[in-house]
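Peer 1: Task: produce atomic coordinates for the following.
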Amino acid sequence: MSNIKVTIIGIGNCASSLIQGIHYYRSKVPDDAIGLMHWEIGGYQPFDIEVVAAFDVDKRKIGLDVNEAIFSKPNCTTVFCEDIPQSGVKVQMGKILDGFSEHMKDYADKYTFVIADEPEPTEEEIVKVLKDSGTEVLMNYLPVGSEEATRFYADCALEAGVAFVNNIPVFIASDPVWAKRFEEKNIPIIGDDIKAQLGATITHRTLTDLFKKRGVKLERTYQLNTGGNTDFLNMLNRVRLDSKKESKTEAVQAVAAQRLENENIHIGPSDYVAWQKDNKVCFIRMEGKLFGDVPMNLEMRLSVEDSPNSAGVAIDSIRCAKLALDRKQGGVLIAPAAYFCKHPPKQFTDDEAYTMTEAFIQGK
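Peer 2: Residues are numbered from 1 along each chain as shown. Below is the predicted model:
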């Protein structure tokens, strides 16, 4: 089968893990493919993904081969696949808009962006790149809070006729107006806000669902997260966090037996710890009552490499978007969105979303 041609917006840690993974699994066989939810989706294997164009705004990445740029500063994720050949695809200057938070200029270069002093592309120029490169799926890896920039690239996807996978908490797939635009053009979209393979949100949701199924009344809960990558540095600007906090909170509220009052639930990014780099540490506390109104509480600490934790989900999102293109199915892909994202248009339990996604893959 032909490769799935992908363009990536934002060559940060998540893009690095995704591209490393595409090459890492070339040397694997299904029985040895640790870390994948699916070896094959519709005939497509993990290494059947080809990056054909890339955009960023950091001058240390622009002009580099994309397979070299993924190891450039300020990227700090785990390197699990070093032997990656040149791709022949150069990173191009992207649109800035609100894709960069001004406070990040106050940090040392190794931790933050160095904005390129180059002309920004127009929508027409980006659409031309998408068309000329044969792009089929556009991956959005912009920083949290990039509302205007995400809408700009979503418009580009619509104009170019390519599928859009929105990995960040800007509401496109879950916005009825945007969803209708993709439906009217019969273009697939998966979103919003990628849910990690085994991260804070999926774990918190699973525990919340467990409380419900076991008859334990959940009364209060919090989820606190720390990390040292540019995502956490970016989120020190609390103004950019409204959609992120809503996305993570609703993901948990959606599977609770009863919605908690706002004062009894706190979920969201907490702080930036530079030396943690791409390691994310999550603290979850849940308080409730068992049989006979007897109090109980649960505390959990989770430590994961943030970007590889999302890459396996991203690989499945790309392949599901390609399946929809092959089937000429447009609009929001409800099942994959519910399984792969924190803030889909419609929430389901993860068991339900898993079953629905398996049915989608099988064409049922």
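Peer 1: Every contact and neighbour count from this point should use C-alpha atoms.
Peer 2: Will do.
Peer 1: now the strands: where do they sit in this structure?
Peer 2: 4-9, 49-56, 91-93, 137-140, 163-166, 188-190, 217-227, 265-272, 279-289, 295-305, 331-332 (DSSP state E).
Peer 1: Most tightly packed of the ones you listed?
Peer 2: Comparing the strands of the chain by mean neighbour count (mean count of other CA atoms under 10 Å), strand 188-190 ranks first with a mean of 32.
Peer 1: so what strands line up beside that strand?
Peer 2: In the sheet containing strand 188-190, the strands it pairs with under DSSP bridges are strand 163-166 (parallel), strand 331-332 (parallel).
Peer 1: Present the ones you listed as JSON lines; the columns should include mean pLDDT and distance to Glu299.
Peer 2: Listed next are those as JSON lines, based on pLDDT from 0 to 100; distance: least, CA to CA, whole Å:
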{"stretch": "strand 163-166", "mean pLDDT": "98", "distance to Glu299": "31"}
{"stretch": "strand 331-332", "mean pLDDT": "98", "distance to Glu299": "36"}
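Peer 1: Reformat these into CSV and put distance to Leu290 next to each item.
Peer 2: Converted to CSV, the strands paired with strand 188-190 look like this (distance: least, CA to CA, whole Å):
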stretch, distance to Leu290
strand 163-166, 39
strand 331-332, 40
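Peer 1: Can I get the strands of the chain in CSV including distance to Ala251?
Peer 2: Below are the strands of the chain laid out as CSV (distance: least, CA to CA, whole Å):
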stretch, distance to Ala251
strand 4-9, 25
strand 49-56, 29
strand 91-93, 34
strand 137-140, 20
strand 163-166, 16
strand 188-190, 16
strand 217-227, 12
strand 265-272, 10
strand 279-289, 14
strand 295-305, 18
strand 331-332, 18
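Peer 1: Between these, which has the poorest mean confidence score?
Peer 2: Ranked by mean pLDDT, the strands of the chain bottom out at strand 265-272, with a mean of 88.
Peer 1: Can you read off the pLDDT for His103?
Peer 2: 77.
Peer 1: count of neighbours near the nearest residue to it once chain neighbours are set aside?
Peer 2: Distances taken as CA to CA, 6 or more residues apart in numbering place Asn237 nearest to His103, at 7.3 Å, with adjacent residues excluded. Asn237: 15 surrounding residues under other CA atoms under 10 Å.
Peer 1: Then Glu40?
Peer 2: The tally of other residues near Glu40 (other CA under 10 Å) stands at 15.
Peer 1: Would you list the phi and psi of it?
Peer 2: With angles defined as degrees, to the nearest 10, Glu40 sits at phi -130, psi 140.
Peer 1: unless I'm mixing things up, it is touching Ala33, no?
Peer 2: No - look at Glu40 against Ala33 with CA atoms under 8 Å: they stay out of range, at 11.0 Å.
Peer 1: For Leu323, see how far away the residue of the chain most remote from its centre is.
Peer 2: What lies farthest from the middle of the chain is Gly292; by CA atoms, centre = their mean that is 41.6 Å. From Gly292 across to Leu323, the span is 50 Å (CA to CA, to the nearest Å).
Peer 1: now do Ala15
Peer 2: Between Ala15 and Leu323 the computed distance is 21 Å (CA to CA).
Peer 1: Between the two, point out the one with more neighbours.
Peer 2: The residue with more neighbours, out of Ala15 and Leu323, is Ala15; 27 against 21, by other CA under 10 Å.
Peer 1: isn't that one right up against Met139?
Peer 2: No - counting by CA under 8 Å, Ala15 does not reach Met139; the two are 9.1 Å apart.
Peer 1: Find residues that contact each of those two.
Peer 2: Ile8 (CA atoms under 8 Å, 6 or more residues apart in numbering).
Peer 1: Thr122 is nearest to which of the strands paired with strand 188-190?
Peer 2: strand 163-166 (18.5 Å; CA to CA).
Peer 1: Just the CA trace of the closest one, in CSV.
Peer 2: In CSV, the C-alpha atoms belonging to strand 163-166 read as follows (Å, rounded to 0.1, in the frame of the first residue of the first chain):
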residue,chain,number,x,y,z
ALA,A,163,-7.8,15.5,6.9
PHE,A,164,-7.1,17.4,10.1
VAL,A,165,-5.9,15.8,13.4
ASN,A,166,-6.1,18.4,16.2
